[in-house]
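Novice: Provided below are the primary sequence and the corresponding predicted coordinates.
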Amino acid sequence: MPVAELERQLRQLGAEVEYPPTPQLAQSVAEHLADEGAESRRPRLSWQPLSTRAALLAVALVLVLAGSVVAAVPAARNALLDLVGLRGATVERVPALPDDVEARLGIGLGRPTTLESAQSSLAFQPLLPAQLGEPNGVFLNHDPPGGELSLVYTTRPGLPRSRYTGVGLLINEINGNFAPGFFGKLAPRGVRIEWLRIDGEPAIWVQGLHEFFYKDATHTYRISRTRLAGNTLLVQRGPIVVRIEGRFGLDRALAIARSLR
């Protein structure tokens, strides 16, 4: 879950939690010290077990406070991304999209290549949707550590042309262990975000127009590589994060994800 969304839920939860009245600790401690002697004894603290709800709130608060740490410390960032979902991707809520974002697919795909050539440069074994056969285009991007593979499939039945990519299906793959949070999405109000499990692995469905961007190895936004994107399914497959984008619904996206081999 994105930190912004987690913070929103924490605020809502905080309003619902019933806190007991705060005891008058100062007076109680003073009386105890007077009875036992300040130099010979220390006040004893009594610990009460947290309720399940309070414990969850405490853990969530720690995660929110850790937000300033995870961006700077790779190990902490990896652990947090593992806990909340996909290691190689983030999805954040925003009030609205910038006015100057355009649909510019070509800027982020990298150089044309073949599957055979790409495999020697990637830190993972590429996954292909078995039901669709060989891709019509293969691209390699060296920006993220471990490399990024992009697969393009032309328009066909079940894969209508997308105005944001110009093709029927775009698949992007990275190794999330080497490039945590490399894929970024900004989703305005009205865009559906759904957290899923596909064959036991975490996934995120983003339905509606949103902004898709990349981050570099220092976790800095790549403003020159941002564009509008349509419906997208983000899937974790072991260390590999697969991004599936096209003008189709969740059922079709799930079928493609489950056919990855």
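Specialist: Sure, I can see it. Numbers count the residues shown, from 1 in each chain.

Novice: rest of the way, CA atoms for contacts and neighbours
Specialist: Will do.

Novice: just the strands from this protein, written as ranges.
Specialist: For the chain, the strands defined by DSSP state E occupy 89-93, 111-113, 137-141, 148-153, 169-175, 183-187, 192-198, 201-207, 210-215, 221-229, 232-237, 240-245.

Novice: what mean pLDDT does stretch 182-200 get?
Specialist: Averaged across stretch 182-200, pLDDT comes to 89.

Novice: ok, residues contacting that stretch?
Specialist: Applying C-alpha atoms under 8 Å, 6 or more residues apart in numbering, the contact partners of stretch 182-200 are 88-97, 144, 176, 202-217, 219, 235, 254, 258.

Novice: check stretch 113-122 too.
Specialist: Contacting residues not belonging to stretch 113-122 are listed as Q125, P126, G137, V138, F139, L140, G146, G147, E148, L149 [C-alpha under 8 Å, 6+ apart].

Novice: may I ask which two of the residues you listed are separated the most?
Specialist: Farthest pair in the contacts of stretch 113-122 (C-alpha to C-alpha) is G137 and G146. Separation: 20.0 Å.

Novice: looking at the two, which is more packed in?
Specialist: G146 (18 against 15; other C-alpha atoms under 10 Å).

Novice: please tell me how far the more buried one sits from A118.
Specialist: For G146, the distance to A118 equals 11 Å [C-alpha to C-alpha, to the nearest Å].

Novice: same question, R237
Specialist: For R237 relative to A118 (C-alpha to C-alpha), the value is 19 Å.

Novice: next one: G184
Specialist: For G184, the distance to A118 - C-alpha to C-alpha - is 23 Å.

Novice: same thing with R161?
Specialist: Distance from R161 to A118, by C-alpha to C-alpha: 26 Å.

Novice: and L159, by the same measure?
Specialist: Remark: distance between L159 and A118 (C-alpha to C-alpha) = 25 Å.

Novice: more crowded one of those two?
Specialist: A118 (19 against 16).

Novice: show the pLDDT at that one.
Specialist: The model reports A118 with a pLDDT of 96.
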